[in-house]
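Visitor: Could you look at this predicted model? Sequence included:
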Amino acid sequence: MSQVDSIFISCDNRKHHEQWTKEWPKIKSVFTDITPICEALKELAHQCEQNAIPMSFVGSNKKLDQLDPSFMYTQIIKEILLTIDFDQNHLHDYINYCCDIFPDNKKQIESIKRLEDEYHNKTLIYWYTCDMFLYPMLNRALRLMDSDNITRMGFFIGDLHRQIEQLHQEQYTGTTAEDTFTVYRGQGLSTGDFEQMMETKDGLISFNNFLSTSKDRDVSYAFAASNQANPDLFGILFVIKVHPSPSTSPFASIAGISKFKDEEEVLLSMHSVFRIQNMKQMGENTHLYEANLVLTADNDPE
């Protein structure tokens with residue numbers, strides 16, 4: 001069942017169940033204590049968020065009236081949000097909304113209060129990478145094209161984009177063609193998205209959210225490989241060539257700025273567009289692929 005992502009077994013005798021559970025790839029592990037189950041669920045939730053980044057595909061021979069609607073809508077939404085002059089009232093409205101949807105969740109209420117009190121004292125990248133409700137709520141709103149919540153979070157989307165833009169100017173002003181570098185991203189793709197991507201060689205792919213990547217190939221490969229056992233997913237290692245100056249979307253190294261200071265993370269702004277160069281199977285595993293992308297430049301013909 002594609003609706004079931006993972007199964008955990010809780011029992012008193014691990015050895016009694018470990019053997020037969022190996023026959024079912026969606027059974028992740030057998031536990032005898034509740035604490036490691038909670039940790040495993042937390043890690044799985046992070047992986048699901050990583051895999052749930054919405055994306056759109058545009059074939060190289062597509063006409064304007066044949067484009068994926070989500071490709072156009074996300075770009076239009078981004079352009080509109082960046083023209084709106086949000087103020088403190090929009091933050092307060094969002095805080096009140098969050099209090100209404102988490103009325104009995106003590107941990108979330110504490111996070112909401114912290115966001116309200118410290119929003120302007122910390123970087124937007126810190127809040128985006130912080131382990132709280134903000135990141136999954138934004139992901140979900142953009143994935144479902146939830147216009148109400150996108151509007152509620154418009155102040156944050158605009159602030160985060162502008163901070164990435166500012167960091168991009170500070171980090172990459174004066175770069176040349178020789179300064180091209182590679183970043184990586186590992187995630188799982190549904191069968192539908194995988195097949196569509198395979199058919200879109202030389203076309204475009206857009207990630208309709210802010211996109212986290214890493215300069216560490218091993219970390220990204222581990223994310224990709226962790227999805228290969230799920231029969232409903234394909235593990236994909238995105239290998240992305242980036243040139244700093246003529247890109248269509250700003251990006252910045254956030255090492256030392258994010259909540260996770262030790263990671264070599266590069267964050268791209270919402271609706272970054274890439275050209276798909278090729279895809280190839282990695283080794284003998286038919287559910288693990290490498291996809292080579294290039295961040296599009298302002299002078300890209302499409």
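Guide: On my side now, so go ahead.
Visitor: how about the closest residue to Gly154 other than its chain neighbours, what does it touch?
Guide: The spatial neighbour of Gly154 that comes closest, neighbours along the chain excluded (CB to CB, 6 or more residues apart in numbering), is Leu81 at 4.6 Å. C-beta here means a position set from N, CA and C on the backbone, and glycine is covered the same way. By CB atoms under 8 Å, 6 or more residues apart in numbering, the contact set of Leu81 is Ile150, Gly154, Ile157, Gly158.
Visitor: from memory the second one sits against Ile84, does it?
Guide: Yes. Gly154 sits in contact with Ile84 when judged by CB atoms under 8 Å, with a separation of 6.2 Å.
Visitor: And those two? Which one has more around it.
Guide: Neighbour count, other CB atoms under 10 Å: between Gly154 and Ile84, Gly154 has more, with 18 against 13.
Visitor: I'd like the distance between the more buried one and Ala222.
Guide: Separation of Gly154 from Ala222 (CB to CB, to the nearest Å): 34 Å.
Visitor: swap in Ile257?
Guide: 23 Å.
Visitor: Have a look at the two and say which one is more surrounded.
Guide: For Ile257 versus Ala222, neighbours defined as other CB under 10 Å are more numerous around Ile257 (19 against 13).
Visitor: Tell me the secondary structure of the more buried one, please.
Guide: Secondary structure, DSSP: H, G, I helix; E, B strand; the rest coil: Ile257 is coil.
Visitor: can you check Asn292 too?
Guide: Assigned by three-state DSSP, the conformation of Asn292 is strand.
Visitor: That one contacts Ile236, correct?
Guide: No. Contact status for Asn292 versus Ile236: not in contact, 11.0 Å apart, counting by CB under 8 Å.
Visitor: Residues contacting the helix or strand of the chain with the lowest mean pLDDT, please?
Guide: The weakest-scoring helix or strand in the chain, judged by mean pLDDT, DSSP states H and E, is helix 14-21 (a mean of 74). By CB under 8 Å, 6+ apart, the list of residues contacting helix 14-21 from outside reads Ile9, Cys11, Ile27, Val30, Phe31, Thr32.
Visitor: so what's the second one up against?
Guide: Taking CB under 8 Å, 6+ apart as the contact definition, Cys11 lies against His17, Val30, Phe31, Thr32.
Visitor: Closest to Gln171 out of the residues you listed?
Guide: Closest approach between the contacts of Cys11 and Gln171, by CB to CB: Phe31, at 44.1 Å.
Visitor: Look at Arg14 and say how many residues are nearby.
Guide: For Arg14, the count of nearby residues is 15 (other CB under 10 Å).
Visitor: how close does Gln19 sit to Ile27?
Guide: According to CB to CB, Gln19 and Ile27 sit 11 Å apart.
Visitor: Who has more neighbours out of the two?
Guide: Using other CB under 10 Å as the criterion, Gln19 and Ile27 rank with Ile27 on top: 16 against 9.
Visitor: So what pairs up with that one in the strands?
Guide: On the basis of DSSP bridges, Ile27 is bridged to Ile7.
Visitor: tell me how far the least confident helix or strand of the chain is from the chain's mean position?
Guide: 35 Å (CA atoms, centre = their mean, to the nearest Å).
Visitor: Next, the buried residues of it.
Guide: His17, Thr21 (16 or more other CB atoms under 10 Å).
Visitor: repeat for stretch 249-262
Guide: Buried positions in stretch 249-262, judged by neighbour count with 16+ other CB under 10 Å: Ser249, Pro250, Phe251, Ala252, Ser253, Ile254, Ile257, Ser258, Lys259.
Visitor: Columns secondary structure and pLDDT on top of the contacts of helix 14-21, output as a markdown table?
Guide: Formatted as a markdown table, these follow (DSSP: H, G, I helix; E, B strand; the rest coil; pLDDT from 0 to 100):
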| residue | secondary structure | pLDDT |
| --- | --- | --- |
| Ile9 | strand | 81 |
| Cys11 | coil | 82 |
| Ile27 | strand | 76 |
| Val30 | strand | 81 |
| Phe31 | strand | 80 |
| Thr32 | coil | 79 |
